[in-house]
Structure formats: structure tokens, C-alpha cells
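Visitor: quick check, what structure comes out for this input:
(one chain, ligands or ions: 1)
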Amino acid sequence: MTTSTATPAQGPATGTLMAGKRGLIMGVANDRSIAWGIAKAVAAQGAELAFTYMGDALAKRVKPLAEQLGVPHVLPCDVTDEASMDAVFASLKEQWGTLDFVVHAIGFSDKNELDGLYLNTSRSNFALTMDVSCYSFTAIAQRAVPMMTNGGSLLTLSYYGAERVMPHYNVMGVAKAALEASVRYLAADLGPQNIRVNAISAGPIKTLAASGIGDFRAILKWNELNAPLKRNVTIGEVGNSALYLLSDLGSGVTGEVHHVDSGYHTVGMLAVDSAAETSALLQSLVKSEG
Ligand SMILES: NC(=O)c1ccc[n+]([C@@H]2O[C@H](COP(=O)([O-])OP(=O)(O)OC[C@H]3O[C@@H](n4cnc5c(N)ncnc54)[C@H](O)[C@@H]3O)[C@@H](O)[C@H]2O)c1
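Guide: Below is the predicted model:
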């Protein structure tokens, strides 16, 4: 193996950890997407990939990215549409026959409800958020598992708002909590087939999906000030942790929610050395609420 010690800033480490493995990456929207960070990390280790994208508008962005990594299969998929998911797996079955891993980096909620109080969540947006952000992982697993004849690895993305109240995360927090529970149930169901199921709980990262969350910039700053590493994480770092869970390095790990968040989830109190800046940030949040 020829793994280098490159940091995410220098690009992913190259090597052969994923050689011979075929995987589907769902959720690349652009080059800021967490799914893109994961795709780069596993491609640099020899994985053969397929991408899905949602809607014609994103095809223009996703196809050139796929070309960069030499990904030949780029398929449309809307996870609220059963036929669209069936078509993706029928196509992969025809092209590849078997599948080794799937990355589910998909979430959605009406941004009007990612602001203000959770109390005001509508029935329709509750159902849509749960469908896209939680149930779809199970729906994808149902289709992927029959192709994972040599075992496999399923990976989804969560956020700390599943465990603790984060301002404005609202119904997404409820959906992520359910998603994390489904990781554990799927892990139990699929363990006997040597199919592992895990989640990465990523720290806040400026992406298209994140831009819909109220006061997201303040959340980014708050994490930077108060996380043990005193900075936010990159999609490259999430990609490297995903590589561990998707490759045989993670062969003993399933049902896990692995935090890649500069350690923020371990902190019980604000950082004393950033108290002044954190307090100024709080003041600005109070003003924006007012
Ligand atoms: N950015 C963050 O701070 C952060 C932190 C933790 C977890 N996450 C999670 O990471 C995952 C990826 O999000 P991201 O931040 O990279 O943003 P992103 O906008 O780049 O990716 C979200 C993806 O979901 C796709 N999507 C939405 N509705 C869909 C549908 N009906 N069918 C198929 N695809 C659909 C979008 O097309 C997009 O590709 C999400 O689950 C998100 O909740 C993000």
C-alpha cells in the first residue's frame, strides 16, 4: 500500500484501501457537498463509484465533478419516488452485478421551518422531512442489500441536533434522531450478512443544505470558538473518517454514530478562553431574534 500522510487541505491520501470495491454515493450537489468530500477520499483509495443527483438543475454541477474522478455512472434519483430508486439499482445491477458500499448524504426540510420554534412544525413538513432525511436510508438499504453478496457497508450523515437542541434545527433534529436509531436497527438486521451500518455525525459545514438553517453562520462560529480543536471540520476530514468506515479498516464497527466535529459533542461548558467572543456572538444572535 502507498498511503501518504497528506492532510485534507492537500487533497486526500492516495492508496489502495478501496481497490476492488464498488460504491454508490448519493447526495453530491456541488463541490462543497459532504458527499463530494467522501467521494474524493474513497476514489483516491481506488474505489469504483456511481453518483446520483436530484433534479436536472444539479446535473450540470454533478456531471463535471463525476468526470473529475472518472465516475461513469451518474444517475438521477429522487428518494421520495420509489420508481426512481428502483431505476438506480436496476441500472447498477446491470452494470456491476454486486455492490460493496452506499453513502447516503441526503437531507431536506422546508427552510421556513428551520427558523423560529420547533413547536410550529407543520404535519406536511414533518412527514416530508422524515421521508427524505430518515426513511430514504432504509428504502435505499432495502435495494442495496440484495446486491451486497460479499458483505458491505452503508453510511449516512447525521448532526449533533439529533442529540441536543440546536437553535433552528427543529424538525431536522427529530429526523436525525430517528435516522440514528434506524442505523442501530439496520445494523442488527444486516450484521449476520456482514453488512455494516454506521453514521457520521459531522460538525457544521457551509453547504447548500446548511444554508437553509437559520443563523447557520453563528452556529459555525460558535463551534469554532468552543470545540476542543478550535476550528470547524472540512469535507475532506469527513471523507477520511468515511474511508475508515467504508473500507476494511472499519470491519469491526457497526451501529455506530461517529462524531467528526472537532470534538464539540464532548464539551459541557463554553470555552473560558473564548468567553468574550462567544458572548459577543450571543449578543448578535439576541439582536437577530429581536
Ligand atoms: N452541512 C452540515 O453542516 C452538516 C452537518 C451534519 C450533517 N449534515 C448532513 O449531511 C448530508 C449532506 O448534506 P450537505 O451538508 O453536504 O449538503 P448538500 O446540499 O451538498 O447535500 C444535500 C443533498 O441532498 C439531496 N437531496 C435533497 N432532497 C433529495 C431527494 N428528495 N432525493 C434525493 N436527493 C435529495 C440534495 O440534492 C443534495 O445533493 C445531509 O444529510 C445533511 O443533513 C450536514
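
Visitor: drop to CA atoms for contacts and neighbour counts, all remaining ones
Guide: Will do.

Visitor: secondary structure element for the most centrally placed residue in the chain?
Guide: With distances taken as C-alpha atoms, centre = their mean, the residue of the chain nearest its centroid is Leu157 (3.0 Å). Take DSSP states H and E as the rule and Leu157 turns out to sit in strand 152-158.

Visitor: buried ones in that strand?
Guide: Residues 152-158 are the ones in strand 152-158 that count as buried (16 or more other C-alpha atoms under 10 Å).

Visitor: quick one: mean pLDDT over stretch 148-158.
Guide: Within the predicted structure, the mean pLDDT of stretch 148-158 is 98.

Visitor: check whether it contacts the ligand.
Guide: Yes: applying C-alpha under 6 Å from any ligand atom, one finds that stretch 148-158 is in contact with the ligand at 157-158.

Visitor: contacts for that stretch?
Guide: Counting by C-alpha atoms under 8 Å, 6 or more residues apart in numbering, the neighbours of stretch 148-158 from elsewhere in the structure are 98-106, 137, 141, 176, 179-180, 193-202, 242, 245-246.

Visitor: restricted to buried residues, select these in ChimeraX.
Guide: In ChimeraX, the members of those classed as buried (16+ other C-alpha under 10 Å) are selected with the following command:
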select :98,99,100,101,102,103,104,105,106,137,141,176,179,180,194,195,196,197,198,199,200,201,202,242,245,246
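
Visitor: identify the bridge partners of the residue nearest to the centre of the chain.
Guide: Under DSSP bridges, the beta-bridge partners of Leu157 are Ile200.

Visitor: for stretch 259-272, measure first residue to last.
Guide: Taking C-alpha to C-alpha, to the nearest Å, the first and last residues of stretch 259-272 lie 23 Å apart.

Visitor: show me which residues of this protein sit near the ligand.
Guide: For the chain, the residues in contact with the ligand (C-alpha under 6 Å from any ligand atom) are 27-29, 33-35, 53-54, 77-80, 105-108, 132, 157-159, 201-210.

Visitor: related to what we said a few turns ago, in helices only, show me the contacts of stretch 148-158.
Guide: The helices in this structure, assigned by DSSP state H, contain 137, 141, 176, 179-180, 242, 245-246 from those.

Visitor: farthest pair within those residues?
Guide: Between any two of these, the greatest separation by C-alpha to C-alpha is 20.4 Å, found for Lys176 and Leu246.

Visitor: just checking, Ala202 touches Ser262?
Guide: No: with contacts defined as C-alpha atoms under 8 Å, Ala202 does not count as touching Ser262, sitting 9.0 Å away.

Visitor: overlap of the contact sets of the two?
Guide: Once C-alpha under 8 Å, 6+ apart is applied, the residues that Ala202 and Ser262 both contact turn out to be Val233.

Visitor: so how far is the ligand from the nearest residue to His73 once chain neighbours are set aside?
Guide: When the adjacent residues along the chain are set aside, His73 lies closest to Ala50, with 4.7 Å between them (C-alpha to C-alpha, 6 or more residues apart in numbering). Distance, Ala50 to the ligand, by C-alpha to the nearest ligand atom, to the nearest Å: 14 Å.

Visitor: so what pLDDT did Ala50 get?
Guide: At Ala50, the pLDDT value in this model is 98.

Visitor: and for Trp96?
Guide: Confidence for Trp96, expressed as pLDDT, is 98.

Visitor: also the one 10 residues further on?
Guide: What the model reports as pLDDT for Ile106 is 98.

Visitor: isn't it right up against Met26?
Guide: Yes: in this structure Ile106 lies within contact range of Met26 using C-alpha under 8 Å: 6.9 Å.

Visitor: the protein: helices as residue ranges?
Guide: Counting by DSSP H, one finds helices in the chain at the ranges 34-43, 56-68, 82-95, 123-130, 136-144, 170-190, 216-226, 235-246, 275-289.

Visitor: so which elements touch the first one?
Guide: In this case it means helix 34-43. For helix 34-43, the packing partners by 3 or more C-alpha pairs under 8 Å, 6 or more residues apart in numbering; DSSP states H and E come out as strand 22-26, helix 235-246.
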